[in-house]
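Student: Predicted structure and sequence below. I'll ask about it afterward.
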Amino acid sequence: MAASLTKNIFLALLLTFFTTAYAAPATAVKGGCEKPVVRREWRALSADEREEYANAVKCLNKVPHKSSLTTVVNLTVAQIPPINPNTSHFDDFVYTHMDLNPVIHFTGLFLPWHRAYVADFELALRTECGYTGGQPYWDWTLDASPNFPNATIWNDSPTSGLGGWGDPNNDFRISTGVFSKDLELAYPAPHTIRRNYTDRSFSTDPFGDGTPPAPLPFWNYITPASRDALVDNFIGDFVGFHTLFEGPVGPHGSIHVMMGGDMSGTCPNGLAPPACVQGPKWTSNDPMFFMHHSMIDKMWWDWQNKHPQNFWSYGGGSVGAHTQPGLYAEFPTGGPPFLNFSSPLPTDGILRDGTIYDMMDIKAERLCYTYE
Ligand SMILES: [Cu+2]
């Protein structure tokens, strides 16, 4: 107890040091970003704009796999199948997330890496498939109620709706909306999008270390109050902000688990360990992933701009707190060695090279997008 307290104080001091050492002027570097791509809430798009987005995603699902895709994490550590070359560039993005799961979740890479991931997916839609818009985001605070399964985000239109929930008699595959057809998923094995609504399904000990699970049904953690509890607080405290965001009562995991199926990384019917090990791996099979993570990214950006001490605040470790029993309780945002602004982002040969510093300002040249 005393040793762990000392360690925590040491960690706090270390993080304070990093934040201070890397403090930069609280003004964004905007050079080279003349016309930022504008990201809007899904329901603010016209029917035509929604259809254009869906067609671009399906197009990327037809663009061939790129041989530049490489694995960073040992396959037996990542517990994932090998790269299948007979797949699409959409699947390359999914594979990148699967492979990097141990290093991009519950580490300091969580927010910056997913910022890069969504931005490069958006870029691929634009450059490979001629998409002219920005990655839409899903403001799930609009859908936060016990009525979540019937929220307005779920729309069955075959040309502009995101579909609904899957059929329990058919492995929870969805059968309505734009993505129920012409989107073939490759990993961990060929299937189509699965969604299986659940209001609570964390285990009683989600991190295997006594960290308590969420006490309430998950819709309680995606409310406007939950959003404000993040964006309005943690002044100058990136680690505190990230800890709540990705933790058991934060909105990130709540959405993933509530949606079940692909979004929660379950195995398709007929696959079991060791062939398939469930986890936050192929969760980006469902395009809802990119809408969800765009919302998360928007909230980080809103927090960054909420207070001058927030903009350049950063910290976190490089060892996934979910990869070692007991690590989460002490290092919920990653164990040492710690990351800093010059730490590179893992790309798997699919994302553009960059550092954590490059992810701090969405209006700088490297990213060049904005939220509306
Ligand atoms: Cu992720």
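Tutor: Thanks, I have the structure now. Residues are numbered from 1 along each chain as shown.
Student: Okay, now the unreliable bits of the stretch 51-200 of the chain?
Tutor: 200 (pLDDT under 70).
Student: ok, A54 - contacts?
Tutor: 159-160, 178-179, 287 (C-beta atoms under 8 Å, 6 or more residues apart in numbering). Just so you know, the C-beta spots here come from the backbone N, C-alpha and C atoms, and that holds for glycine as well.
Student: Please tell me how far it sits from N196.
Tutor: Remark: distance between A54 and N196 (C-beta to C-beta, to the nearest Å) = 22 Å.
Student: what does P308 give?
Tutor: On the measure of C-beta to C-beta, P308 and N196 end up 43 Å apart.
Student: do the same with M295
Tutor: M295 is 21 Å from N196, by C-beta to C-beta.
Student: same thing with Y95?
Tutor: Counting by C-beta to C-beta - Y95 and N196 are separated by 23 Å.
Student: could you pull out the helices for the stretch 251-372 of the chain?
Tutor: 251-259, 288-304, 327-330 (DSSP state H, counting those that start in this stretch).
Student: hmm, I was thinking of the stretch 101-250 of the chain
Tutor: Using DSSP H, counting those that start in this stretch, helices in the stretch 101-250 of the chain cover 110-129, 224-231, 238-246.
Student: one step back: as JSON lines, the contacts of A54 with neighbour count and distance to P274 would be great.
Tutor: Shown next, in JSON lines, are these (neighbours: other C-beta atoms under 10 Å; distance: C-beta to C-beta, whole Å):
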{"residue": "T159", "neighbour count": "12", "distance to P274": "41"}
{"residue": "S160", "neighbour count": "19", "distance to P274": "41"}
{"residue": "V178", "neighbour count": "24", "distance to P274": "35"}
{"residue": "F179", "neighbour count": "21", "distance to P274": "30"}
{"residue": "P287", "neighbour count": "25", "distance to P274": "29"}
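Student: Need the max-distance pair from the residues you listed.
Tutor: For the contacts of A54, the farthest-apart pair by C-beta to C-beta is T159 and P287; their separation is 14.9 Å.
Student: how much space between G240 and H293?
Tutor: G240 is 20 Å from H293, by C-beta to C-beta.
Student: Can you give me every residue that contacts H322?
Tutor: 102, 105-106, 207, 328.
Student: For the residue lying closest to D348 once chain neighbours are set aside, grab the count of nearby residues.
Tutor: In space, and not counting its chain neighbours, D348 is closest to T96: 4.1 Å by C-beta to C-beta, 6 or more residues apart in numbering. For T96, the neighbour count with other C-beta atoms under 10 Å is 25.
Student: Could you report the separation of the residue nearest the centre of the chain from D139?
Tutor: The centroid of the chain falls nearest to H293 when counting by C-alpha atoms, centre = their mean (4.3 Å). Per C-beta to C-beta, H293 is found 13 Å from D139.
Student: Same check on G32?
Tutor: 29 Å.
Student: what do you get for Y357?
Tutor: 28 Å.
Student: With T76 instead?
Tutor: Counting by C-beta to C-beta - T76 and D139 are separated by 39 Å.
Student: neighbour-wise, which of the two wins?
Tutor: D139 (22 against 8).
Student: Buried residues, stretch 191-198. List them.
Tutor: 191-197 (16 or more other C-beta atoms under 10 Å).
Student: Quick one: mean pLDDT over stretch 255-269.
Tutor: What stretch 255-269 shows for mean pLDDT is 95.
Student: For that stretch, measure first residue to last.
Tutor: Terminal residues of stretch 255-269 are spaced 22 Å apart (C-alpha to C-alpha, to the nearest Å).
Student: Also stretch 42-49?
Tutor: End-to-end for stretch 42-49, by C-alpha to C-alpha: 9 Å.
Student: How about P217: what's its closest non-neighbour residue?
Tutor: D199 (4.0 Å).
Student: That neighbour: how many residues sit nearby?
Tutor: 15.
Student: Next, the contact list for it, please.
Tutor: 146, 148, 217-219, 258.
Student: Could you do G354 as well?
Tutor: So G354 contacts 116, 344-345, 366 (C-beta under 8 Å, 6+ apart).
Student: Considering those, which possesses the most neighbours?
Tutor: A116 (24 neighbours).
Student: shouldn't that residue be in contact with L351?
Tutor: Yes. Between A116 and L351 there is a contact under C-beta atoms under 8 Å: 5.6 Å.
Student: Name the residues contacting each of the two.
Tutor: With C-beta under 8 Å, 6+ apart, A116 and L351 have common neighbours L345.
Student: wait, W303 sits on S313?
Tutor: No. Applying C-beta under 8 Å, one finds W303 not in contact with S313, separated by 9.0 Å.
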